[in-house]
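Trainee: Okay, predicted coordinates and the sequence, questions at the end:
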Amino acid sequence: MLLRDPTSLLLDWRFVVNTHTNHIWNQQFLITADRMETFLAANLTRPPFLVLSVWSKIYRSFGENDKFMFSFATWFVAIATYWITNLALLYVDITGKPKFLSRYKVQKDKNAPLDPKLLPKVFRTVFMNMMVVLPVVFYATCLMSVWRGMSCGYDVPSLPRILLDLAVAVVCEEILFYYSHRLIHHPYLYKSIHKKHHEWTAPIGLVSVYAHPIEFVVSNALPLFAGPFLMKSHLMTLWIWTVIALSGTSIHHSGYHFPFMLSPEFHDFHHLKFNYNYGLLGFLDRLHGTDSLFRKSKAFKRHKVLFGFTPVSVSIPDENEFNRKKAH
């Protein structure tokens, strides 16, 4: 009987162990990959269970009436978003409370506090647009949604599809708003239509829809709904987008540069100077050179999301304020 070299036996033992270990690891990898595939399929190609459950309850509560949901219910989402956001901002404008929020005012010498005598005219126009014009717009939306084959039922979209639809909605709104807004700055159209909105050189949240009805439809409503119509978005996505867009335009007009919120500096500058910054995001203004004066201003340096509680007017002070502090 031949005796094998101990070193050879040791190598054979290591081979067996390593083969067995690799087999176990391969099995574990396949199990993990299968679980990951199942997780991704469940979370990326299908809506989360909670979202589907909540939407199903909403859909059933409206009697599964698609026309009612696309018209009245969508209108209610819009006006609820507008009034909740802007009544809160209006309270701050009129009372100046809480006092620390006044530190975030963009134009500190304007509407601080707001004169209540200015409000009746605003309320009349806002009421006309939100309570008379907008329901007609949403009825037209309902008819077009049926024509486009948009759904509001149980086929809730996946998260990637919602994000894609929202991204397209943002781009469509920017394009349509920029060019329609620039069009109504034509001298003839400005005088007869758009001048009303520019009565406020230091805007407040309420005046986001303080506009001539033609402007309200062409430059506000149409850009808002273009993206969802193009993408045949589910009604749930349209509601999400409506909340984002209306609260966003209220912040753009608020006159406050609050922490962790969208910067209003870009659109506030438009109300101050009129013929600059026609868009919302700014990339078309950059393309067409309609942000030239803004880019030279202090507002441009302040135009960013504020990640902190120090107001941008303090961290980036005006020249006069800077010289005054330096003198002291």
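Mentor: Here it is on my side, so go on. Numbers count the residues shown, from 1 in each chain.

Trainee: Count the residues that sit near residue 176.
Mentor: 19 (other C-beta atoms under 10 Å). From N, CA and C alone the C-beta is placed, and that goes for glycine too.

Trainee: Report the secondary structure element holding it.
Mentor: Taking DSSP states H and E as the definition, residue 176 sits inside helix 159-183.

Trainee: and the following helix or strand past that helix, which residues are buried?
Mentor: From helix 159-183 onward toward the C-terminus, using DSSP H and E, the following helix or strand is helix 187-192. Neighbour-count burial for helix 187-192, counted by 16 or more other C-beta atoms under 10 Å, picks out residue 190.

Trainee: Run through who's touching helix 187-192.
Mentor: With C-beta atoms under 8 Å, 6 or more residues apart in numbering as the test, helix 187-192 has contacts from 183-184, 198, 212.

Trainee: Low-confidence ranges, the stretch 201-328 of the chain, go.
Mentor: Scanning the stretch 201-328 of the chain for pLDDT under 70 picks out 319-328.

Trainee: how about residue 175, what does it touch?
Mentor: Taking C-beta under 8 Å, 6+ apart, one finds 223, 284 in contact with residue 175.

Trainee: go with 7 Å
Mentor: Residue 175 sits next to no residue when contact means C-beta atoms under 7 Å, 6 or more residues apart in numbering.

Trainee: Do you have the helices of the stretch 1-150 of the chain handy? List them.
Mentor: Ranges of helices in the stretch 1-150 of the chain, per DSSP state H, counting those that start in this stretch, are 6-44, 49-61, 66-68, 74-95, 119-128, 134-148.

Trainee: Oops, could you answer that again for the stretch 151-300 of the chain instead?
Mentor: Here the stretch 151-300 of the chain has its helices, by DSSP H, counting those that start in this stretch, at 159-183, 187-192, 213-215, 222-231, 235-253, 265-273, 283-288, 292-295, 298-302.

Trainee: Surely residue 75 is in contact with residue 132?
Mentor: No. Contact criterion C-beta atoms under 7 Å: residue 75 and residue 132 do not qualify, at 11.2 Å.

Trainee: ok, these two, which is more surrounded?
Mentor: Taking neighbours as other C-beta under 10 Å, residue 75 and residue 132 compare with residue 75 leading, 21 against 10.

Trainee: Grab the nearest non-local neighbour of the more buried one.
Mentor: Nearest non-adjacent residue to residue 75, counting by C-beta to C-beta, 6 or more residues apart in numbering: residue 138, 4.4 Å away.

Trainee: From residue 255, how far off is that neighbour?
Mentor: Distance of residue 138 to residue 255, given as C-beta to C-beta, to the nearest Å: 29 Å.

Trainee: neighbour-wise, which of these two wins?
Mentor: residue 255 (27 against 22).

Trainee: isn't residue 178 right up against residue 278?
Mentor: Yes. Between residue 178 and residue 278 a contact is recorded at 5.3 Å, counting by C-beta under 7 Å.

Trainee: Can you get me a residue count around residue 210?
Mentor: Residue 210, neighbours per other C-beta under 10 Å, totals 23.

Trainee: so who does it touch?
Mentor: Neighbours of residue 210 in contact, by C-beta under 7 Å, 6+ apart: 122, 125-126, 197.

Trainee: go again using 8 Å as the cut-off
Mentor: Per C-beta under 8 Å, 6+ apart, neighbours of residue 210: 122, 125-126, 196-197, 199-200.
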